[in-house]
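Trainee: Just a sequence and a predicted model for now, questions to come.
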Amino acid sequence: MNHEHAFVCGNAALDFAATLRARRTVRFEMFATPDRLDAWFVECGLVDAITPSDEAGVERAKTLREAIYELVMARCWGEEYDDEALDVLNAAARRLPATPQLTRTGRWTEATTDQALSTVARLAVDVLSGPEVPLLKECGNPECTRVYVDRSRGTRRRWCGMDSCGNKFKAAAYRARKQSAPQTAAS
């Protein structure tokens, strides 16, 4: 399977919130079509199969995503939760989640869009109320708006992911050092 979505945040709900990329600059929407939403659910491993989404499902997903993002940022900044965002998250979490089934060949999870969204909402409740709250960090790339769980030794991680943000900054810092270094004459 060709994976077009990135999963670097350490929690599927945080990855879900990051599907609107670069919120402060160019804003790139990952859920442009129902099939992109469906692909996200499968690629992240929440489900093995999903009933095809429609435009209304995409809108419900975007509404939930924005509520999760708002709540995550409030948690990171030590602010009060927004009541409307709480209502959206909790309403989704109350719905029936995706339910795994045991088959002759192993585990299989098939879901509707709303069941998959309920599963995401429940993961958001867990990450925002569990022991990893102190480990939530916003990526050090000012153009990136991902929040991730920093499980690194000493919680020193600065980037959501090396491939997506860390390497860009390391390469830029290297170029800046090379340009500012005194040029030595070749003898």
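Mentor: Here it is on my side, so go on.
Trainee: you'd agree residue 37 is up against residue 113?
Mentor: Yes: contact criterion Cβ atoms under 8 Å: residue 37 and residue 113 qualify, at 7.2 Å. (Glycine included, C-beta is placed from N, CA and C.)
Trainee: Give me the common contacts of those two.
Mentor: 53, 57, 61 (Cβ atoms under 8 Å, 6 or more residues apart in numbering).
Trainee: PyMOL command for the buried members of these?
Mentor: Buried residues among those (16 or more other Cβ atoms under 10 Å), as a PyMOL selection:
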select buried, resi 53+57+61
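Trainee: Which of the shared contacts of residue 37 and residue 113 fall within helices?
Mentor: Those of the shared contacts of residue 37 and residue 113 mapping onto helices are 57, 61, per DSSP state H.
Trainee: pLDDT and distance to residue 46 added to the shared contacts of residue 37 and residue 113, as TSV?
Mentor: Listed next are these as TSV, based on pLDDT from 0 to 100; distance: Cβ to Cβ, whole Å:
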residue	pLDDT	distance to residue 46
53	97	13
57	98	14
61	98	12
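Trainee: Using TSV, please lay out the shared contacts of residue 37 and residue 113 together with distance to residue 155.
Mentor: As requested, those are exported to TSV (distance: Cβ to Cβ, whole Å):
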residue	distance to residue 155
53	36
57	36
61	31
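Trainee: Just the closest of the shared contacts of residue 37 and residue 113 to residue 101, please.
Mentor: residue 53 (20.8 Å; Cβ to Cβ).
Trainee: ok, and the closest non-adjacent residue to the closest one?
Mentor: Distances taken as Cβ to Cβ, 6 or more residues apart in numbering place residue 34 nearest to residue 53, at 3.9 Å, with adjacent residues excluded.
Trainee: between residue 37 and residue 113, which one's more packed in?
Mentor: residue 37 (26 against 21; other Cβ atoms under 10 Å).
Trainee: so which strand or helix has the more buried one?
Mentor: helix 34-43 (DSSP states H and E).
Trainee: what's the weakest-modelled helix or strand in this structure?
Mentor: One helix or strand of the chain scores below all others by mean pLDDT, DSSP states H and E: helix 167-180, with a mean of 58.
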